[in-house]
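Asks: Here is my input, please return the structure:
(one chain, ligands or ions: 1)
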Amino acid sequence: MNKPENKTDRICAVAKKCSGCQLSNMSYEQQLKWKQNTVYRLLRPFGTVKKIVGMSEPYHYRNKQQFVFKKAKNGRIVCGLYQSKTSGVVECFDCLVNNKRACEIAKTVTELLQNSGIKIYSLKNGSGNLKHMLIKTGRTGGEILLCLVCAKRTFKAEDKFIKRLTEKCPDIKTITEIVNTAPQGVFLDGQESVIIGKGYITDSLCGMKFKISAKSFYQINPIQTEKLYTCAIEKAQLKPGERVLDAYSGVGTIGIIAAAQTGAEVLSVELNRDAYLNALENARLNGVDNISFVNDDAQRYIEMLAKRGERLDCVIADPPRAGCSRGFLQSLIRIKPKRVVYVSCNPETLKRDLYFLTKNGYKAEFIRPFDMFPFTNHTECVVVLERQMDARR
Ligand code: SAH
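Replies: Numbers count the residues shown, from 1 in each chain. Sure thing, here's the model as predicted:
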């Protein structure tokens, strides 16, 4: 494993100020052990916890970076990461986990902004325009999406700043602008418009193409995502004609790959409208038609399936950190799929949900942690549960 280039005693010079990487004071081997132990401690009662799948190169894996702008007292424009605890900005263009090209682009953007006349938004008095910037990178084609978040409409394709930026960085395939009027609040809230390009970039995972837009959810570590998805889909053991629910489906990635690889009929449900619209396009882009998409709350949708007495052979659930809602799980056990593949980004809520499922007819047959976010304290898991009480159907 190569050592990171910015050697200090904590390997990252701004680790303390930024605190995005909670485990930056540990070696990667120690981090993997720590994560393995966390999952073991929580999930041991449900079965054997297999060895965590880590990365051979755990650096610069992130395909999505958020930067914030601030005007320093001397008038210089500063770009960096939000400082934890204060609303300060940590300048950092050599982050351990961020994509290197995205950091170079952030630096170029910052250089071009100096003396450009573009005003940086001030949290103190609400003056100025430009607040933040989001950069997403496609691993396979190297395409870059840049999204500028402003307090009011600021950018046009013919602006000198935009022209110079795309000349210097031809890999920026699209630039969008979000008008975010709230003084503080959610980073990407607001109306988005396309400044240049198509408003999205394309990446591929497990041999399928996916569109990535500023607001849609897309897995952050593509190298580990392929390992995670391959495991989840293999463990689902889907056969042609079987019916599987892909719940919390994001831009449709797991469902589309599963549909293409197995010939099963996939139903996908996702709450976020942008992600749902991307999922429809992604299926079309890949010519996959044994999949359908619903833009709804996963609980409401599975309740409806249960009420109608619909059959499901398998449920793949990949919920956010809060885990599956109780109502979702209650309807799931009414439908009685023979297999549940639970992809979790939070072992605490996973434990709660496994407790419920194992009390209601399921047994955990496979538990494996995946390290999707090296240097942070997050751990992902794939758990496969099999229905035990089929005789009582
Ligand atoms: N399976 C996808 C996304 C997982 S992230 C992937 O691998 O990329 C979790 C997703 O759940 C997000 O896209 C989020 O928008 C969605 N979500 C959150 N709450 C939801 C709910 N109540 N019903 C349906 N989807 C929900």
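
Asks: Tell me the secondary structure of the residue nearest to residue 219 when sequence neighbours are not counted, please.
Replies: Spatial nearest neighbour of residue 219, chain neighbours left out: residue 225 (4.0 Å); criterion: Cβ to Cβ, 6 or more residues apart in numbering. (Each C-beta comes from the backbone N, C-alpha and C, glycine too.) Under DSSP: H, G, I helix; E, B strand; the rest coil, residue 225 falls in the helix class.

Asks: If I look at residue 225, what pLDDT would I see?
Replies: For residue 225, the model assigns a pLDDT of 97.

Asks: Now the phi/psi pair for residue 338, please.
Replies: Backbone torsions of residue 338, given as degrees, to the nearest 10, read phi -80, psi -20.

Asks: Count the neighbours of it for me.
Replies: 16 (other Cβ atoms under 10 Å).

Asks: mind listing what it touches?
Replies: For residue 338, the contact set (Cβ atoms under 8 Å, 6 or more residues apart in numbering) comprises 313-314, 386-387, 390.

Asks: re earlier: test my guess that the residue nearest to residue 219 contacts residue 373.
Replies: No - in this structure, residue 225 is not within contact of residue 373 by Cβ atoms under 8 Å, at 11.3 Å.

Asks: Those two: which is more packed in?
Replies: For residue 225 and residue 373, the more surrounded residue by other Cβ under 10 Å is residue 373, and the numbers stand at 25 against 22.

Asks: re earlier: farthest-separated two in the contacts of residue 338?
Replies: 314 and 390 (13.9 Å; Cβ to Cβ).

Asks: The two: which is more packed in?
Replies: Neighbours were counted for residue 314 and for residue 390 using other Cβ under 10 Å; residue 314 has more, 24 against 10.

Asks: tell me the contacts of the more buried one?
Replies: 236-238, 242-245, 264, 337-341.

Asks: Contacts only, for the residue in the stretch 201-350 of the chain positioned nearest to the ligand.
Replies: Nearest residue of the stretch 201-350 of the chain to the ligand (Cβ to the nearest ligand atom) works out as residue 250 at 2.7 Å. The contact partners of residue 250, taken as Cβ under 8 Å, 6+ apart, are 216-219, 270, 272, 275, 279, 318.

Asks: In strands, which of the residues you listed appear?
Replies: In strands, defined here by DSSP state E, the members of the contacts of residue 250 are residue 270.

Asks: could I get the contacts of residue 250 as CSV with pLDDT and neighbour count?
Replies: Below are these laid out as CSV (pLDDT from 0 to 100; neighbours: other Cβ atoms under 10 Å):
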residue, pLDDT, neighbour count
216, 81, 23
217, 81, 18
218, 87, 22
219, 91, 22
270, 97, 28
272, 90, 17
275, 86, 23
279, 93, 29
318, 98, 25
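
Asks: near the ligand too, which of the contacts of residue 250?
Replies: Contacts with the ligand within those, counted by Cβ under 6 Å from any ligand atom: 217, 219, 270, 272, 275, 318.

Asks: Residue 210 contacts residue 216, doesn't it?
Replies: No - using Cβ under 8 Å, residue 210 makes no contact with residue 216, being 9.5 Å away.

Asks: who touches both of the two?
Replies: Common neighbours of residue 210 and residue 216 (Cβ under 8 Å, 6+ apart) are 251, 278.

Asks: any idea how far residue 145 is from residue 153?
Replies: Separation of residue 145 from residue 153 (Cβ to Cβ, to the nearest Å): 19 Å.

Asks: Comparing the two, which shows the higher neighbour count?
Replies: residue 145 (25 against 11).

Asks: can you tell me the helix or strand for that one?
Replies: strand 144-150 (DSSP states H and E).
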